[in-house]
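Chemist: With the sequence up front, the predicted model follows.
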Amino acid sequence: MKTIVYEVNPQQVDLAVMEKAADVLRQGGLVAFPTETVYGLGANGLDAAACKKIYEAKGRPSDNPLILHIASLSQLDQIVTEVPEMSKKLMDAFWPGPMTLILPKKDCVPLSVTGGLDTVGVRFPSHPVAQALIAAAALPIAAPSANVSGKPSPTKASHVLFDMDGKIDVIVDGGAADFGLESTIIDVTGPEAVILRPGAITLEMVETLLGKASVDPAVLGKGDEKAVPKAPGMKYTHYSPKAPVTLVRGGQEQVVEAINALAKEAKAQGKKVGVLATEETKDGYEADFVLSAGAREDQKTIGARLFAILRKLDYLGADLIYSEVFEESGEGLAIMNRLKKAAGYEVIEVK
Ligand code: TXA
Ligand code: MG
């Protein structure tokens, strides 16, 4: 299959191009498109055969459900049986935007799309290209992140092309994703909102809005082996570049020193070392590739660059990757959730 790439300016979306891409979706094809979080790999969410192609292209386990993307609230009624009060508040506050809600599904949503669950994840993205594509297709669009399963999510069209060239029909290139981390997933089917995957809509924001909310314990770390994540996808290896990632935690200077010592050792063995650094530390490292995610207090920039840096260190040929760690509050909870998974929970503590 030849993969066609269409470039689209998000500030001035070319509707003729959107029509072409929407046509591919209506005919059961696959179209990757930008959202404000990461690029999605889209198919007609009500067409089980079309969605099966998503699983094939990504190499995704079939019990890992897809989320459906909508571009109007009337599309929501098409796919869910009920909209609990709590979810209405969340929608008012955070839609369109980087939030996915788990809601009870209607029969028209195939069980093969929800991994056999009677709930469905729904997201109303704010990205103008995503909105235009969904509106043009006039369908709920199933879209996981457009990466090969297990790899870092794509935040640029070039990442999608790298993973999906020849496997999908179309890539709509709308520039770099704004947030760079996948949406916050909130389960609103129970008495209290539960965050199943942290993202740019933070626990603090949800708590402020609803008075009470919690985070699925499985998100917080490996520790408790009994904590099975409620979002099926959160149990798989994730976000992993080819090179093994190790996190190093401790005081700023000690971390730089420790990573330099590790890099020196690796170099002696003929290995190339990549470091995910910060503005504060980047000049202190002696490694083959040092990439800054941003200033420590600038969580938005760190989130936006995280996956792109992991991919870049791969493309550059790093054999080992060391990364600094971040505060686990605000968007930092999402940043650390992705980093810990990328590292398979390998953390070195230095004093
Ligand atoms: O930002 C995003 O959410 C991106 C963009 C493209 O919208 N999409 C995305 O999809 O990250 P994906 O498939 O990579 O991650 C969706 C996560 C998976 O961990 C999946 O297990 C979980 O959502 N999920 C989907 N439906 C669910 C359900 N009914 N109950 C619990 N978890 C669900
Ligand atoms: Mg994903």
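Modeler: That came in fine, so what should we check first? Ligands and ions are numbered 1, 2, ... in the order given.

Chemist: Around the residue nearest to residue 350 when sequence neighbours are not counted, how many other residues sit close by?
Modeler: Among residues not flanking residue 350 along the chain, residue 250 sits closest, at 3.7 Å (Cβ to Cβ, 6 or more residues apart in numbering). C-beta coordinates here come from the backbone N, C-alpha and C atoms, glycine included. Using other Cβ atoms under 10 Å, residue 250 has 16 other residues around it.

Chemist: Hmm, residue 250 is touching residue 349, no?
Modeler: Yes: between residue 250 and residue 349 a contact is recorded at 6.2 Å, counting by Cβ atoms under 8 Å.

Chemist: May I have the residues that are in contact with the closest residue to ligand 1 within the chain?
Modeler: For the chain, the residue closest to ligand 1 is residue 233, as judged by Cβ to the nearest ligand atom, at 2.2 Å. When contacts are counted by Cβ atoms under 8 Å, 6 or more residues apart in numbering, residue 233 touches 64, 65, 144, 197.

Chemist: which of those residues are buried?
Modeler: Of all the contacts of residue 233 considered here, the ones buried according to neighbour count by 16 or more other Cβ atoms under 10 Å are 64, 65, 144, 197.

Chemist: Let me have these in a markdown table, extended by distance to ligand 1, pLDDT and secondary structure.
Modeler: Converted to a markdown table, these look like this (distance: Cβ to the nearest ligand atom, whole Å; pLDDT from 0 to 100; DSSP: H, G, I helix; E, B strand; the rest coil):
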| residue | distance to ligand 1 | pLDDT | secondary structure |
| --- | --- | --- | --- |
| 64 | 5 | 95 | coil |
| 65 | 3 | 97 | coil |
| 144 | 3 | 98 | coil |
| 197 | 6 | 97 | strand |
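
Chemist: which among these gets closest to residue 58?
Modeler: In terms of Cβ to Cβ, no member of the buried ones among the contacts of residue 233 lies closer to residue 58 than residue 144, at 6.5 Å.

Chemist: Who are the contact partners of that closest one?
Modeler: Shown in contact with residue 144 (Cβ under 8 Å, 6+ apart): 40, 41, 54, 58, 60, 64, 66, 67, 233.

Chemist: who wins for most neighbours among these?
Modeler: Result: residue 40 is most packed of the contacts of residue 144 (other Cβ under 10 Å), 31 neighbours.

Chemist: wait, residue 325 sits on residue 247?
Modeler: Yes: with contact defined as Cβ under 8 Å, residue 325 counts as touching residue 247 (5.1 Å).

Chemist: so what's in contact with the two at the same time?
Modeler: 339, 347.

Chemist: Compare the two and say which is more crowded by neighbours.
Modeler: Neighbour count, other Cβ under 10 Å: between residue 325 and residue 247, residue 247 has more, with 23 against 20.

Chemist: List the buried residues for the helix or strand hosting the more buried one?
Modeler: Assigned by DSSP states H and E, residue 247 falls within strand 245-249. With burial defined by 16+ other Cβ under 10 Å, the residues of strand 245-249 counted as buried are 245, 246, 247, 248.
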